[in-house]
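> The following block contains a protein sequence and its predicted model.
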Amino acid sequence: MASRPFLVKDIAQQAGLSTATVDRVLNGRPNVRAHTARRVAQAIDELQRQSQQLGMAGRKFMIDLVMETPARFAAVVRGALEAEMAALHPVVFRARCQLREVWTPAELVAALDHIGARGSHGVLLKAADLPEVAAAVDRLVERGIPVVTVVTDLTGSRRLAYVGLDNHAAGATAAYLIGQWLGASSNARAAGAAAGDAAAGVLVSLSSVRFRGEEERVNAFRQTLGRLCPGLALHDVSEGQGRHDQTANLVRERLSACPELAAVYSIGGANRAILGAFEQAGRPCRCFVGHDLDADNLALLRAGRLSAVLHHDLRHDMRQACLQLVAAHGVAAPDALTRAAAARLSSVVVVTPYNLPENLSVQPVDSAS
């Protein structure tokens, strides 16, 4: 491994390993596990990305970002966090990242317990809403490590706060948009039958029912669309994990069984896969609402293949999350705490091909560890 301009102790702290282990990796000594070598390489990459933080004076916080999410979204969140960390001086943040597209519950619990054993100033967590994960969060809190959930919450846990999108408002907004675009009304089914056409149906795609945030979105979508357009049929697909091939297979199966599908509300991502399944089936998609301006969705919007993306300010989320953590350690000023507590939920912004934000920068997707 090529030499880097970082001290072994800095790499060790970033990797959560001993200095002796890091020295073995850097010098190419035998009997080093591949996972350990990857963690050291990732730590060096994180230090390079956060290098301006290393020499800054101020109260220092080492935090952990742990997420189960598609790599394209993880890259956007990490970029937002790094941008906000640099703006929060005189508090100096560094972040260790554990980002995977899929965690087994046992793997995630082990990772959280490991953070508890080695120490941290706080954890930003996107995880499935499972009892064993909530219990692991509680163990972190008992060790004095505050946990802030992002994007999706954990019920019954002792987490400090949830920051992220107002998921109920997002689902309701998607229902309003799709109802307007389909031109549906309370007698849509009867009108379609009178015209000799099948009543329109909406595909609702989730990455997994294990995420509370996705559940909140789909419940709000279902309730709102049921009030606005009771003639529309809804069909859910889930457990594609936001991955291309898995999602494409699920959507193809549903399209084959449901000839009325004409619109999509994609909560879980993999939107290229969903569009490809419609194209492969020779079926038009009259409107398509997705979430988040990641690199894929930005390109699809510019090409006019998505009708709208429900976007929110991830930098706002990361700023609020960091303020919550420093507040837990008694560092933030009272007025900052008040603003953080009042503004944890992000507003929904409807982005179409005609109002793309200027100078939008989207982080490239790389491998998640």
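That came through, no problem.

> pLDDT below threshold where in this protein?
For the chain, applying pLDDT under 70 flags the ranges 1-5, 9-10, 42, 46-58, 184-199, 332-344, 359-369.

> And the helix or strand encompassing L124, how far out from the chain middle?
Assigned by DSSP states H and E, L124 falls within strand 123-126. Computed by CA atoms, centre = their mean, to the nearest Å, the chain-centroid distance of strand 123-126 equals 10 Å.

> do stretch 125-137 as well
Worked out by CA atoms, centre = their mean, stretch 125-137 lies 15 Å from the chain centre.

> rewinding a little: tell me the strands beside the strand holding L124, with direction?
In the sheet, strand 123-126 lines up against strand 60-68 (parallel), strand 147-150 (parallel) (DSSP bridges).

> And these: which comes nearest A127?
strand 60-68 (5.7 Å; CB to CB). No exception for glycine: its C-beta is placed from N, CA and C like everyone else's.

> Can you tell me the SS state at C285?
coil (DSSP: H, G, I helix; E, B strand; the rest coil).

> Backbone torsions only: list them for A95.
Backbone torsions for A95, taken as degrees, to the nearest 10, come to phi -130, psi 140.

> Who does it form a beta bridge with?
I63.

> Would you mind measuring from it to A83?
12 Å (CB to CB, to the nearest Å).

> winner for burial among the strands paired with strand 123-126?
strand 147-150 (a mean of 26; mean count of other CB atoms under 10 Å).

> How far off centre is that one?
The chain centroid and the centroid of strand 147-150 are separated by 12 Å, computed with CA atoms, centre = their mean.

> on that earlier part again, dump the strands paired with strand 123-126 to JSON lines, plus distance to V32.
Shown next, in JSON lines, are the strands paired with strand 123-126 (distance: least, CB to CB, whole Å):
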{"stretch": "strand 60-68", "distance to V32": "23"}
{"stretch": "strand 147-150", "distance to V32": "31"}
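
> R100 is nearest to which of these?
Using CB to CB, those put strand 60-68 closest to R100, at 5.9 Å.

> Between the strands paired with strand 123-126, which one is closest to G201.
strand 60-68 (29.7 Å).

> got the buried residues for whatever helix or strand comes next after the closest one?
Counting by DSSP H and E, the next helix or strand C-terminal to strand 60-68 is helix 71-87. By neighbour count on 16 or more other CB atoms under 10 Å, the buried set for helix 71-87 is 71-82, 84-85.

> same for helix 71-87, what does it pack against?
The contact analysis (3 or more CB pairs under 8 Å, 6 or more residues apart in numbering; DSSP states H and E) places helix 71-87 against helix 51-54, strand 60-68, strand 92-100, helix 295-302, helix 314-328.

> Please identify the deepest-packed of those.
helix 314-328 (a mean of 24).

> How far away from the center of its chain is it?
Distance, centroid of helix 314-328 to centroid of chain: 16 Å (CA atoms, centre = their mean).

> ok, now stretch 142-159?
Per CA atoms, centre = their mean, the displacement of stretch 142-159 from the mean C-alpha position of its chain is 16 Å.

> Same check on stretch 306-322?
For stretch 306-322, the distance to the chain centre is 10 Å (CA atoms, centre = their mean).

> start at 21 instead
That works, and once the first residue is 21, the last one we named lands at stretch 326-342.

> end-to-end on it?
33 Å (CA to CA, to the nearest Å).

> residues touching V370, list them.
Shown in contact with V370 (CB atoms under 8 Å, 6 or more residues apart in numbering): T193, L197, A328, V329, L330, H331.

> between those residues, which is nearest P166?
H331 (27.7 Å).

> ok, the closest one - contacts?
So H331 contacts H311, D312, L313, V368, V369, V370, V371 (CB under 8 Å, 6+ apart).

> Among those residues, which one sits closest to A131?
Scanning those for proximity to A131, where the rule is CB to CB, the winner is D312, at 24.0 Å.

> quick one: the closest one and A328 touch, right?
No - contact criterion CB atoms under 8 Å: D312 and A328 do not qualify, at 12.0 Å.

> Looking at the two now, which is surrounded by more residues?
Counted by other CB atoms under 10 Å, D312 and A328 do not tie: D312 has more neighbours, with 23 against 20.
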